[in-house]
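# okay, here's the prediction I keep looking at, along with the sequence it came from:
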Amino acid sequence: MTVTEFATTPPAHRMRVPRPAPSRRRGPRLPVPAAVGALVVLLSGLAVVNAGVTGALGADGVVTLLVFLVAVWMWIFAPVDDTYVALGAALALVIAGPVDTETFTRTLGDQIIWLLVGSFVIAAAVTASGLSSRVAARVLVLARTPRHLVHAVTATLLLTTFAVPSTSGRAALALPVFLALAAALRHRRSLVLTLALVFPAVILFSAVGSLLGAGAHLITSEIVRTATGAGFDFLQWMLLGLPLAVVWSHLAAEIALSLFTDRAERRTPLALTRTDLGADTGPLTTAQRRVTAVLVVVVVAWCTEPLHGIDPAIVAMTGALVAAAPAVGATTLPAAVKTVPWSLLLFMAATLCLGVALTGSGAAQWLADSVFGPLGGLGSSAAAAFVVTVVIVSLVSHLVVQSRSARSAVLIPLVVATAPTFGIDPAAAAFVSTAAAGFCLTLTSSAKPVAMFAATDTVPGYDARHLLRLSAALAPVSLALVLACAVWLWPMLGLGLHL
């Protein structure tokens with residue numbers, strides 16, 4: 001298959017799977033996981049009502065918890081869009097009383113929403129200018145061995161963490177590059193398989209390096225801000241997350257290379273050219289130079305916020321106007337706005353509303369005490385057990401809640417509410433949980449980037465066996481890395497684990 005055939009074929013975002021044979025039993029049947037989930041929700045609801053009756057929770061807390069549990073159950077089992085569920089939960093809270101109308105509408109105008117809108121417009125300009133493919137080609141043609149190539153891919157994807165918000169946006173940007181590489185290396189199937197796994201793994205693991213790397217990070221920061229009065233700014237998140245992102249991503253690339261290629265393949269040299277990757281060979285165009293300047297200025301302004309005091313959302317929107325300015329920018333504002341994932345923004349606004357209700361009604365504290373309370377009986381080891389439990393639960397949560405943002409909406413209020421009882425700083429616990437939740441490779445449905453690079457008729461990717469093998473190898477490494485950062489690295493960088 002040629003580069004042109006790959007580049008002009010629309011990517012398939014979902015694998016086609018055969019439908020199961022119809023059952024001979026008549027009448028509808030509830031799937032076992034859904035039945036178990038419904039039972040858990042029912043029992044939890046009875047416990048919540050009982051708590052309200054006994055005075056442990058007020059009426060607002062009871063209503064909030066019931067709505068929260070139903071939303072979580074639907075996120076896990078119901079074939080309904082995550083945004084639809086989140087909006088329904090937020091509206092239910094407004095109608096029932098725990099949240100007022102002003103709070104509900106104000107979340108859509110939150111600064112993080114405007115920050116994302118501006119960032120997506122800038123990202124659209126970067127893509128429209130062709131800058132991303134040009135930079136990728138310049139880096140990748142320097143690779144002379146498979147090991148050089150996978151680490152060059154890793155380094156390039158790390159850079160996109162600061163240019164493109166959301167993991168799915170970076171996956172869409174990177175997919176054409178992978179398809180061009182796959183076409184150029186079509187006779188080296190094991191290397192193509194390795195690259196198919198490296199792209200989504202690095203996209204997911206590198207996200208922790210930037211506040212804009214995933215919507216979950218902004219949700220975490222806002223929940224921490226609501227609970228403690230101070231969230232994370234762009235520079236603080238980068239200082240904490242970038243070292244983990246670099247080490248985690250390169251380790252994942254090296255492990256994938258070791259698992260899916262043999263020594264002979266790794267020693268066979270490469271000779272890629274820009275023509276192989278479908279990239280221009282001339283100098284940067286005027287539009288590309290302008291977009292580069294806008295991107296550099298915006299990122300520097302975000303990092304120097306304490307010096308000039310301009311809110312990151314204002315910086316992003318200003319950069320967006322320049323990037324889409326007539327006769328100056330690389331795209332138009334109407335075209336750029338069409339690329340903004342409004343569904344994601346609505347989801348974030350709704351989950352922020354849900355987080356406010358959980359914290360303000362006392363529901364998060366009650367539920368956190370119920371979930372993590374048994375750890376208090378461990379005495380002096382309780383704090384360590386709490387941190388380890390948070391990391392493990394966050395690592396495996398992608399098996400039940402596929403949306404990264406939904407995982408933060410579920411876990412972070414509980415973690416923030418519980419951490420002080422174990423002597424753990426709430427902000428540190430929230431950061432640890434959010435970082436660990438970035439591990440979501442086990443199933444094709446675990447994250448959109450994973451699904452985008454899976455094998456289909458048009459994408460020479462991987463199947464479930466390859467994904468499980470890589471996930472099994474990376475899970476213990478990821479656990480050790482996040483714990484090491486929490487105990488050693490992040491306290492050195494100013495985010496102490498203990499109060």
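Cool, got the structure.

# switch to C-alpha atoms for all contacts and neighbour counts from now on
OK.

# quick check: next helix or strand after whichever strand or helix holds Trp237?
Taking DSSP states H and E as the criterion, Trp237 maps to helix 234-260. Later in the chain than helix 234-260, the nearest helix or strand by DSSP H and E is helix 263-267.

# could you point out which element follows that following helix?
helix 286-303.

# quick one: that following helix to chain centroid distance?
Distance of helix 286-303 from the chain centroid (CA atoms, centre = their mean, to the nearest Å) equals 24 Å.

# and the angle from it to helix 234-260?
Helix 286-303 and helix 234-260 are oriented at 120 degrees to each other (axes from the mean of the first three to the mean of the last three CA atoms, to 10 degrees).

# against Gly329, how distant is Leu204?
Taking CA to CA, to the nearest Å as the measure, Leu204 falls 30 Å from Gly329.

# looking at those two, which one has more neighbours?
Taking other CA atoms under 10 Å, Leu204 and Gly329 do not tie; Leu204 has more neighbours (31 against 24).

# my guess is that one meets Gly438, correct?
Yes. At 6.1 Å, Leu204 counts as touching Gly438 under the criterion of CA atoms under 8 Å.

# mind listing the helices in the stretch 51-200 of the chain by residue range?
Counting by DSSP state H, counting those that start in this stretch, the segments of the stretch 51-200 of the chain that form helices are 59-77, 82-96, 101-108, 111-129, 131-140, 146-160, 167-184, 189-206.

# what's the closest of those to Val477?
Closest of these to Val477 is helix 189-206, at 12.2 Å (criterion: CA to CA).

# avg pLDDT for the helix or strand just after the closest one?
Helices and strands here follow DSSP H and E; after helix 189-206, the next one along the chain is helix 215-228. Averaging pLDDT along helix 215-228 yields 88.

# so Leu173 makes contact with Gly130?
No. With contact defined as CA under 8 Å, Leu173 does not count as touching Gly130 (10.4 Å).

# low-confidence stretches in the protein?
1-56, 276-281, 376-380 (pLDDT under 70).

# please repeat the previous calculation with a cut-off of 50.
For the chain, applying pLDDT under 50 flags the ranges 1-30, 32, 35-36, 39, 43, 53-54.

# not counting its own residues, what contacts stretch 236-247?
With contact meaning CA atoms under 8 Å, 6 or more residues apart in numbering, stretch 236-247 is reached by 158, 205-211, 435, 481-482, 485, 490, 493.

# mind checking which of those are buried?
Leu158, Phe205, Ser206, Ala207, Val208, Gly209, Ser210, Leu211, Ala435, Val482, Cys485, Trp490 (16 or more other CA atoms under 10 Å).

# helices or strands up against the helix or strand that the last one is a member of?
Trp490 is part of helix 490-492, with elements assigned from DSSP H and E. In terms of contacts (3 or more CA pairs under 8 Å, 6 or more residues apart in numbering; DSSP states H and E), helix 490-492 is not packed against any helix or strand.

# ok, back up a step: save the helices of the stretch 51-200 of the chain as a markdown table, and put in distance to Arg263 too.
Converted to a markdown table, the helices of the stretch 51-200 of the chain look like this (distance: least, CA to CA, whole Å):
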| stretch | distance to Arg263 |
| --- | --- |
| helix 59-77 | 42 |
| helix 82-96 | 44 |
| helix 101-108 | 53 |
| helix 111-129 | 37 |
| helix 131-140 | 21 |
| helix 146-160 | 10 |
| helix 167-184 | 20 |
| helix 189-206 | 11 |
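
# which one of these lies closest to Gly423?
Closest of these to Gly423 is helix 59-77, at 24.7 Å (criterion: CA to CA).

# could you give the angle of the closest one to helix 82-96?
Going by the same axes, to 10 degrees, helix 59-77 makes 160 degrees with helix 82-96.
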